[in-house]
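Chemist: here is my input; please provide its structure:
(one chain, ligands or ions: 1)
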Amino acid sequence: MGYLQGEKPISISKLLSMHAEGEKITMLTAYDSTMSALLNRCGVEAILIGDSLGNVIQGHSSTTHVTVEHVVYHTACVAHANTRAFLIADLPFASYGDPIQALDSAAELMRAGADMVKLEGGGEWQVEVIRYLVERSVPVCGHLGLLPQSVHVLGGYKVQGKSKDAASLMLEQALACEEAGAQILVLEAIPSSLGKNITESLSIPTIGIGAGPDCSGQVLVLQDMLGISPGKPPKFVKNFMNGHTSVEDAVKAYVREVKSCKFPEPEHGFAG
Ligand code: KIV
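Modeler: Predicted coordinates:
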């Protein structure tokens with residue numbers, strides 16, 4: 001595979017041009033240098049240093065324990081072994097409550113090696129934060145649908161955007177995130193039909209996790225797709241270790257199946 005022999009690092013322009021050409025974007029989470037190197041070898045285009053590290057690394061039941069310092073540490077670990085993938089780091093819970101705090105937090109993540117930062121929500125204040133960061137040269141990925149940082153307000157991990165009103169509010173928020181300068185939008189746990197509608201209404205790429213097959217790309221938590229997370233996996237997870245004997249083969253299968261639109265299948269999606 002050509003990309004293993006010193007091909008150029010993936011930039012945001014490359015991701016946008018893949019989207020324009022209809023090529024699906026592959027993203028997985030990673031939190032350490034071993035997995036960063038492995039994902040690079042397998043051709044994953046974008047690595048998310050997600051605050052899901054609160055669950056899969058720290059063992060908490062939510063992401064709200066994660067601090068900027070934690071994400072900085074794991075971003076640096078991933079960045080040390082990164083040869084090609086585009087790195088997106090999560091702004092954790094309560095680290096972007098106003099534009100100035102957001103810029104301080106984002107600067108720390110970028111100094112640790114992130115190419116872009118991700119934040120949850122599309123309300124007025126989040127849109128203001130996105131605009132403020134983008135105007136100051138911080139690339140931003142939005143995140144709508146199920147917002148794990150709001151789990152205590154939502155009362156659990158539930159599918160979002162199921163009613164007509166909730167779906168049209170989410171579409172409005174997606175358009176507002178794009179207008180404010182977000183260059184990628186993650187959509188989590190929403191009906192597949194809404195994932196399709198939002199994707200078709202935006203010009204920036206959407207990356208789905210339980211948002212149906214029509215998103216511009218897909219992301220999963222690495223431990224989930226390797227079948228090693230404790231407990232029952234969410235419906236949108238496929239265990240790629242089934243039928244494979246190495247982690248590398250499982251990740252390569254994920255890349256192949258996202259690229260060929262084999263994953264996600266209807267069973268991984270939600271009805272409206
Ligand atoms: O933290 C994370 O891993 C995420 C994904 C669930 C998209 O935000």
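Chemist: from now on I want contacts and neighbour counts done on CA atoms only, so please keep to that.
Modeler: Will do.
Chemist: report pLDDT for residue 1.
Modeler: The per-residue pLDDT reported for residue 1 equals 45.
Chemist: and what of the one 4 residues further on?
Modeler: The predicted local distance difference test score for residue 5 is 53.
Chemist: which single residue in the stretch 101-250 of the chain comes nearest to the ligand?
Modeler: Nearest to the ligand in the stretch 101-250 of the chain, going by Cα to the nearest ligand atom, is residue 221, at a distance of 5.4 Å.
Chemist: distance of the closest residue to that residue other than its chain neighbours from residue 40?
Modeler: Excluding the flanking residues, the one nearest residue 221 by Cα to Cα, 6 or more residues apart in numbering is residue 29, at 5.1 Å. Shown here: residue 29 relative to residue 40, a distance of 12 Å by Cα to Cα, to the nearest Å.
Chemist: and those two? which has more neighbours close in?
Modeler: Of the pair residue 29 and residue 40, residue 29 is the one with more neighbours under other Cα atoms under 10 Å, namely 26 against 20.
Chemist: quick one, what contacts that one?
Modeler: Contact analysis of residue 29 by Cα atoms under 8 Å, 6 or more residues apart in numbering lists 47, 48, 49, 50, 219, 220, 221, 222.
Chemist: in helices, which of those fall?
Modeler: Counted as lying in helices by DSSP state H, out of those, are residue 222.
Chemist: how about the contacts of residue 29 in JSON lines, adding neighbour count and pLDDT?
Modeler: JSON lines is the format used below for these (neighbours: other Cα atoms under 10 Å; pLDDT from 0 to 100):
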{"residue": "47", "neighbour count": "29", "pLDDT": "99"}
{"residue": "48", "neighbour count": "28", "pLDDT": "99"}
{"residue": "49", "neighbour count": "30", "pLDDT": "99"}
{"residue": "50", "neighbour count": "25", "pLDDT": "98"}
{"residue": "219", "neighbour count": "24", "pLDDT": "99"}
{"residue": "220", "neighbour count": "21", "pLDDT": "99"}
{"residue": "221", "neighbour count": "20", "pLDDT": "98"}
{"residue": "222", "neighbour count": "23", "pLDDT": "98"}
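Chemist: among the contacts of residue 29, which ones are in strands?
Modeler: When DSSP state E is applied, the contacts of residue 29 are split such that 47, 48, 49, 219, 220 fall in strands.
Chemist: quickly find the element holding the nearest residue to the third one once chain neighbours are set aside.
Modeler: This points to residue 49. Excluding its sequence neighbours, the residue lying closest to residue 49 (Cα to Cα, 6+ apart) is residue 89, at 4.7 Å. Secondary structure assignment for residue 89, by DSSP states H and E: strand 86-90.
Chemist: show residues contacting the next helix or strand after that strand.
Modeler: Remark: after strand 86-90, the chain's next helix or strand is helix 99-111, criterion DSSP H and E. Residues from elsewhere that reach helix 99-111 (Cα under 8 Å, 6+ apart): 68, 71-72, 75, 89, 91, 95-96, 116-117, 128-129, 132-133, 138.
Chemist: name the residues of helix 99-111 that come out as buried.
Modeler: 99, 102, 103, 105, 106, 107, 108, 109, 110 (16 or more other Cα atoms under 10 Å).
Chemist: helix or strand for residue 134, which one?
Modeler: Residue 134 belongs to helix 124-135, assigned by DSSP H and E.
Chemist: next, the angle from that helix to helix 99-111.
Modeler: Counting by axes from the mean of the first three to the mean of the last three Cα atoms, to 10 degrees, helix 124-135 lies at 50 degrees to helix 99-111.
Chemist: ok so, going back, what's the local residue count around the residue nearest to residue 49?
Modeler: Neighbourhood size, residue 89 [other Cα under 10 Å]: 30.
Chemist: got it, and residue 34?
Modeler: Neighbours around residue 34, by other Cα under 10 Å: 14.
Chemist: doesn't residue 81 make contact with it?
Modeler: Yes: shown here, residue 34 and residue 81 form a contact pair, counting by Cα atoms under 8 Å, at 7.3 Å.
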